[in-house]
Each structure stands twice: as structure tokens, then as C-alpha cells.
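In: Test case, fold it:
(2 chains)
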Number of protein chains: 2
Amino acid sequence: MGGRAMAGKNGLMNPIIAGRLARCRRVMAEKGVPAYLITSHMDSFYLSGFTGEDSALLVTPKAVHVISDGRFDETIDHEIPWAKKHLRKGLLTDEIANVCRKLKLDRVAVQQEGMTVATHAKLRSLTKPVRLTGAPSIALEMRRCKDETELSVMNRAIRIAEEAFSATRRSIRVGQTEREIAARLEFEMRNRGADAQAFDTIIAVDGNASRPHARAGDRRVKKGSAILFDWGARVGFYHSDLTRVLFVSKIQPRLGKVYEVVLNAQLAAIQAIRPGERMCDVDAVARDFIGKAGYGDRFGHGLGHGLGLDVHEAPSLSWRSKERLTAGMVVTVEPGIYLPGVGGVRIEDDVLVTADGCRVLSRLAKDLKGSVL
Amino acid sequence: MGGRAMAGKNGLMNPIIAGRLARCRRVMAEKGVPAYLITSHMDSFYLSGFTGEDSALLVTPKAVHVISDGRFDETIDHEIPWAKKHLRKGLLTDEIANVCRKLKLDRVAVQQEGMTVATHAKLRSLTKPVRLTGAPSIALEMRRCKDETELSVMNRAIRIAEEAFSATRRSIRVGQTEREIAARLEFEMRNRGADAQAFDTIIAVDGNASRPHARAGDRRVKKGSAILFDWGARVGFYHSDLTRVLFVSKIQPRLGKVYEVVLNAQLAAIQAIRPGERMCDVDAVARDFIGKAGYGDRFGHGLGHGLGLDVHEAPSLSWRSKERLTAGMVVTVEPGIYLPGVGGVRIEDDVLVTADGCRVLSRLAKDLKGSVL
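Out: Numbers count the residues shown, from 1 in each chain, chains lettered A, B, ... in the order given. As a prediction, this is how the structure comes out:
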């Protein structure tokens, strides 16, 4: 229990966090949310800066309560000394309910994206007479557009991924397995400051690349192989996500042709990115290009996705979405063509939507000639 | 769409999966579940062997339907050719609803642990007139006790973590950062066949070890340092989870004393593990021991947790649980003592509950003398 006042002597709130909480509270006031309960780790990190998992955040107009456990006692004092700290002895749901009742809240609005049906059912019976209702997705909405602080961390995650790729590229030898290349790439990212790989690194040699979500396995690089890399770094909880294809010694003509189609589809789609554009229309630019080249049935996934505290987050840059791009969004642009039994080519960059267009944040070369080892 | 018959010519079902599905269907019949919908990746992998994410599994008495997307088309044909395949063009929830309606189901029971409140609300309105109800946690219950196949993969995950630790241990030098040691340890695991680290590797030097969930940062190893390692490997989706403390050149007397207390508390708790024992009673063995040594308020977390397809899964080996141990469970046993400003000691092994007691699956030495570099 315990906790210090929000502007306590032991630690003032970081102004970025203060700004986010102020925006969050404005939305709460507008939408009539008296208290906002968040159990998703990344939403809670976004709104408070607290890095602990298995915890909950309860934002009220006057205070931020963090409900956690003894493992994070010191971390809370260090990271968010201004929060009111509640350390559970029982289950997290029990302690959330205790706090809600102690604060004599009439109603608590729950962020519904971060909580399972099972937890919600348990919590609902525990919090009585406090009522649980659904909250608008305040944190998730805010996270769609990145601020300068977020962009600087994301740029670092991109640079680390790129430098690690360049180092790994130089080390590739005929006979290596996909797994060995992945191990090296992850090691190079880690040694440059990554906290982890952003997701399971995909290294797919030759025929394995026809499965867009192949994992790095035991297939070996041969002379003439095409190697697909889909990788990223996690830095300060933000992610990068890139894809490149390298050719060993020579380019198989069929894949070389496909490569040019994918690359030009990607460049055309990036050209179309600007505020106000619909997701489905940007997707269509790449899809139509690939379709006209005769590979329409070989591009079975969306063009891209939002990137930030989650590797896949809103918005979805796909034919399924009629939403519009907004300045500050960071999306991946990653068309691909997959030929079962032969291989696949996907090229992916991370792109920031700016006030008058977009800026490609990733800088690795992607011309066909430069992709030969 | 499409899909082949369950015993189709192109791929018979693996007998282990067939056994799991048969058990699942027996429980469905007993509990009156006409169709069981699973959206959690690991539950779906457990019941089918399908490795794709962002997908759903619908188990009926006669068939298994997999609802996925184009990225996993080839993977489905390869891994579960006996399943009925439904590839979505729209959102996953839309396609789940389509399948439920097409099968003219009256009612579908949803595994509530794997679905968010937001998804559930959307799905409920989409599936009408098919009714959604809560399913008993069939897959999660089954996953509590490991079969021989699972144990052999888990043993591999443990061996890889151990061998990587031994290799990393030999490479530690004064002046290295926590992050560099973590990078090396993860690289060694990856090169021995791990698909990834089981979780964010904790390397905590000296004072950093007083936070049980510290991350590997920039603190450097000095002569006389204590280094806490909490790490594991993920292999075939199963996890290992170990903790050791190493001392550089010499043992600080205060930490040496704490080490002996933690080690003896851990050994006593392991002695107490057998089928029928209550979780809280095993936890109490270690807790009482640490309490009697005068560190009762310095062991703020539970004794351990179940380990398998998730790093933290049921059961919870803690004072909060009155459940009883069962043969086949694999739990971590990881008491710790944390001294803010000084450091911390935690010792963790992975333990299988057997018919007449338990077997410690991990084999790394843990005597104090052997922990000096």
C-alpha cells in the first residue's frame, strides 16, 4: 500500500507522461469516464512509463493508481514515484477490486482490448457494488500517432536493425543454416543496444520463403540461394520491422523478375502515402501493380500494419480498412509475391506519415543489383 | 476454403494430436459443449499442432476447422492437412462468424482465457443467430500435466539453456555489461537449437539484482560482483526457466550467507514436492525457512509457477493457491531474498512432479563454492 502524492518530493512526473495523462483525462471527461482501468502492459507503459508487467493502472481525474506486486516494488518507486502504489498479496483481480471499492467509485470503465473475457467475468463479480463498463479505447487511439519521443526511440530501433543486418550480411557463407544466420543477426542487434528481437526472426532460404511466416530452421544456404530476412529490434519497448531478400552469387531469373515487381509495387505504394488517404487505396496501389504483372493471386496478405509498442498495431494498411492515414502514424509497407515450391520475395520498410506526405524511416538499400552477395 | 477430410490421403493425423483431440472431445461431450472455439495461439497449437498465429480453431465432434489467412495457407496444408481450412478475406471475427453460421451450429462455446472482451463483444454480434457461451477451460486444463512428448521437448529446452549458460560463464570478464552477457547467452542458446530466449533474459549485476524482474542493462561486472542470471530457452514452443547467481573472484559475506539460506530453502521445498501436496504448503516450506533465517520480508513473490507452452502457466506454486500437485506437472521452484541497495539471490530449477515425488529436470550445479568465477 502507501504511495506518494503525484507531485511528491521524491520524483516529479516526466513532462511527456504528464502530457499523455492530461490528454487521456480530457477524453475521459468528454466521454464521461470517471475512472479508466488498463491491464494491457503496453497501454499502461504508454500512459505512465511504468515497465512492470502483470500489473494494472487505474486513472482517475486526480490520481494514477498502480496495482502490482512485490517483484515491482522498487521499480515503481524508481519509475513512477508519483503514482499511488497498491501491492497485491492475493490475485491481481482481488487487489483491483479492493482499490475500486476503497476509492468508493460508482463505476469503472475497462479498456476492453487488453482484458480477457475470463478476467473480466471474475473482476465484475469481485468489484461489486462498483460497476464495470466498457471504456473507449483511449490509450490505443492515442498510440496511433507517434510523438517525437516515440519517433526517436523507433528510429533507434530501425538503425540497430539495419546495422545488424549489414554486419550479418558480411558474414553469410554457403553451408550456413537459417537458424545460424538468425542467431548472428539477433546477436548483432543485441550488441548494438536492442533489448530483444522484435519478433521471431524469419530467415527463409529458397523454397521456405514462399510461406510468408516461415521461421528460421535448418535449411542451408547454397550457391544461387535467395535468402529472405524479416527481422526487427525491440528498443525501449518500441519495434522496428524490415524485410530484405539477398541472393547468393547470382540471381535466379524468375525471382529476379518477381523482385523488380515487388520493389516497384512497394515504391508506388510509398508514393501514395499521405494524410487523408484511405488504407485500402494505398493497399490497392501495390496490389494493382502486382496484379497487372500477373501475380495477383500470389500476394495473399495486407500491404502493412501500424508499428510501435506492438509489432502489429492499428492501423491496418490493408484492403479491409477504409480508415484514413494521419500524420504521425508509422506503418510498414511490405508487399510480397510467393511462389510455392520456388520461393518468395517481400520488401518491407517502416514509413512515417508526415504533414504533406511521408518519410521512409528505414534506409537499407533495396535495388536488385545491390542485393547480390 | 476447401480443406481435406480428417483422415485424408495427404496426411494422417499425428497420434499424439489424435489423442489430445479425443480427450478434448470426451470433455466436450461430458460438459455438453457442442463446438469449442479457441483463439489462443498456444491452446490451438496444443490441440492441433498448427504453428500459425492470428488464427482460430473450432473443434466439433466430427471435425477440426482452422480459420486463418493467406500467410498460413501452405503451413496449414503441411502441418494439419486433415483440418478443414477457412482462409479469411476480411477480419478473423468475420470469418469465424461465417464458419459458425455455415455449420448451422446452435451454440458455440468460447475458451474465455484466450479472448479479449472487445473481440468477444464483436464476435457475439456477428455470429447471431448462433449463440456464444463460455467454455470450460478444456485445453488449459489438459496442458497442466505434461505427456512424454512434451517432456522430451522441455528437457531439450532445459539442456540448451544449461549448455549455453556454461559456455557463457566461461566468457565472463570484468568490465562486461549486463547487456553483453545477455547477448552472448542468447546467442549460445540460439546456436544450440533454441528458437528464441524464453523471455527477456535477466542479467542483474550487484544492486540491480534486488529487483526480481530487473532487465539486462548497462551496469558493468566488477571484481567482487554478484551476477544474477534468470534465463531460459524456447524450443518447439516449450520453455525452460532457470536462475543462478555467480560471484566474480570472491563472495561478499552478506550475499554468501543469503545464498546458503536461499539454496537450503529451495532444497527443502523440492523435498516437499509430491502428488497431493497443496501449492501453499510447498510454498510455506521455503517461506518458513527464509522467515526463520530472518529474511521473511525479503521474499516478496511466490515460490514458483507452472512451465510449458507459456513461461507462466497454471499451476501457481504460491501461498495464494490451495490446489494440489498432480503427477505430470512441471513447476519452477525459485525462492529469493532481495536486499535493496545491496543485491539479491534467487535460485531456480524446473521440477517434474512424478508418481511418488518429483524429479529435478535441470542439472546445473548450485553449490556456493562452485558459483565463484
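In: which residue packs closest to the residue of the stretch 51-200 of chain A found nearest chain B, ignoring adjacent ones?
Out: Residue of the stretch 51-200 of chain A nearest chain B, by C-beta to the nearest C-beta: residue A:70 (2.6 Å). Glycine gets a C-beta too; all of them are placed from N, C-alpha and C. With C-beta to C-beta, 6 or more residues apart in numbering or on different chains as the criterion, residue A:70 has its nearest non-adjacent residue at 2.6 Å, and that residue is residue B:300.
In: One more: residue A:341?
Out: residue A:207 (5.8 Å).
In: how close does the one you found sit to residue A:112?
Out: Distance, residue A:207 to residue A:112, by C-beta to C-beta, to the nearest Å: 42 Å.
In: Between these two, which has more neighbouring residues?
Out: Legend: neighbour count by other C-beta atoms under 10 Å in any protein chain shown for residue A:207 and residue A:112, higher for residue A:112 (21 against 17).
In: which residues does the more buried one contact?
Out: A:120, A:134-135, A:137, B:116-118, B:121 (C-beta atoms under 8 Å, 6 or more residues apart in numbering or on different chains).
In: Among those residues, the buried ones, what's the PyMOL command?
Out: Selecting only the buried entries of the contacts of residue A:112 in PyMOL, with 16 or more other C-beta atoms under 10 Å in any protein chain shown as the criterion:
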select buried, (chain A and resi 120+135+137) or (chain B and resi 116+117+118)
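In: could I get the contacts of residue A:112 as CSV with secondary structure, distance to residue A:128 and pLDDT?
Out: Shown next, in CSV, are the contacts of residue A:112 (DSSP: H, G, I helix; E, B strand; the rest coil; distance: C-beta to C-beta, whole Å; pLDDT from 0 to 100):
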residue, secondary structure, distance to residue A:128, pLDDT
A:120, helix, 14, 94
A:134, strand, 17, 92
A:135, strand, 19, 90
A:137, coil, 25, 91
B:116, strand, 22, 93
B:117, helix, 18, 93
B:118, helix, 22, 92
B:121, helix, 21, 93
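In: Residue B:234: which of the contacts of residue A:112 is nearest?
Out: The shortest gap between residue B:234 and any of those belongs to residue B:116, at 23.8 Å (C-beta to C-beta).
In: re the thing from before, burial measure for the residue of the stretch 51-200 of chain A closest to chain B, as a count.
Out: Using other C-beta under 10 Å, the number of residues around residue A:70 comes to 17.
In: Also residue A:297?
Out: Neighbours of residue A:297 under the rule other C-beta under 10 Å: 11.
In: relative to its centroid, which residue of chain A is most remote?
Out: Centroid-distance maximum for chain A: residue A:129 at 37.1 Å, with C-alpha atoms, centre = their mean.
In: looking at this, that one is in a strand?
Out: No. Checked against DSSP: H, G, I helix; E, B strand; the rest coil, residue A:129 lies outside a strand; its state is coil.
In: what's it sitting at in phi/psi?
Out: Per-residue torsions, residue A:129: phi -80, psi 0 (degrees, to the nearest 10).
In: For it, list the residues it contacts.
Out: With the criterion set at C-beta under 8 Å, 6+ apart, residue A:129 makes contact with nothing.
In: Look up how far residue A:295 lies from it.
Out: Going from residue A:129 to residue A:295 by C-beta to C-beta gives 60 Å.
In: Settle this for me: the residue nearest to residue A:341 is touching residue A:342, isn't it.
Out: Yes. Between residue A:207 and residue A:342 a contact is recorded at 6.5 Å, counting by C-beta atoms under 8 Å.
In: mind pulling up the phi and psi values for residue A:233?
Out: Main-chain torsions, residue A:233, degrees, to the nearest 10: phi -110, psi 150.
In: before we move on, what about residue A:15?
Out: Dihedral angles (degrees, to the nearest 10) for residue A:15: phi -60, psi -30.
In: Just the pLDDT at it, thanks.
Out: Note on residue A:15: pLDDT of 93.
In: With residue A:341 instead?
Out: pLDDT for residue A:341: 87.
In: Same check on the one 10 residues further on?
Out: Residue A:351 is assigned 98 on the pLDDT scale.
In: Shouldn't it be within a strand?
Out: Yes. The assignment for residue A:351 is a strand, going by three-state DSSP.
In: Any residues of the stretch 1-150 of chain A in contact with chain B? List them.
Out: A:51-53, A:69-75, A:87, A:89-91, A:110, A:112-118, A:120-121, A:134, A:137 (C-beta under 8 Å from any C-beta of the partner chain).
In: Just the ones of the residues you listed in helices?
Out: A:73-75, A:117-118, A:120-121 (DSSP state H).
In: returning to what we had before: which residues does the residue nearest to residue A:70 contact?
Out: A:69-71, A:73, A:87, B:212, B:338.
In: of the residues you listed, closest to residue A:309?
Out: Using C-beta to C-beta, these come closest to residue A:309 at residue A:71, 21.4 Å.
In: For the host helix or strand of residue A:165, buried residues please.
Out: Assigned by DSSP states H and E, residue A:165 belongs to helix A:148-171. For helix A:148-171, a neighbour-count test (16+ other C-beta under 10 Å) marks A:149-151, A:153-165, A:167-169 as buried.
In: need the residues of the stretch 151-300 of chain A near chain B, please.
Out: Residues of the stretch 151-300 of chain A found near chain B (C-beta under 8 Å from any C-beta) are A:179-180, A:182-184, A:186-187, A:190-191, A:193, A:195-197, A:200, A:210-213, A:215-216, A:300.
In: Try it again at 6 Å.
Out: Within reach of chain B by C-beta under 6 Å from any C-beta of the partner chain, the stretch 151-300 of chain A has these residues: A:183, A:187, A:190-191, A:196, A:200, A:211-213, A:300.
In: Now which of the residues you listed would you call buried?
Out: A:183, A:187, A:190-191, A:196, A:200, A:211-213, A:300.
In: quick one: which of the residues you listed sit in strands?
Out: Secondary structure from DSSP state E places residue A:196 of these in strands.
In: Can you pick out the most distant pair from the buried ones among the residues of the stretch 151-300 of chain A next to chain B?
Out: A:191 and A:300 (35.7 Å).
In: tell me how far the ends of stretch A:131-146 are from each other?
Out: Start-to-end span of stretch A:131-146 (C-alpha to C-alpha, to the nearest Å) is 33 Å.
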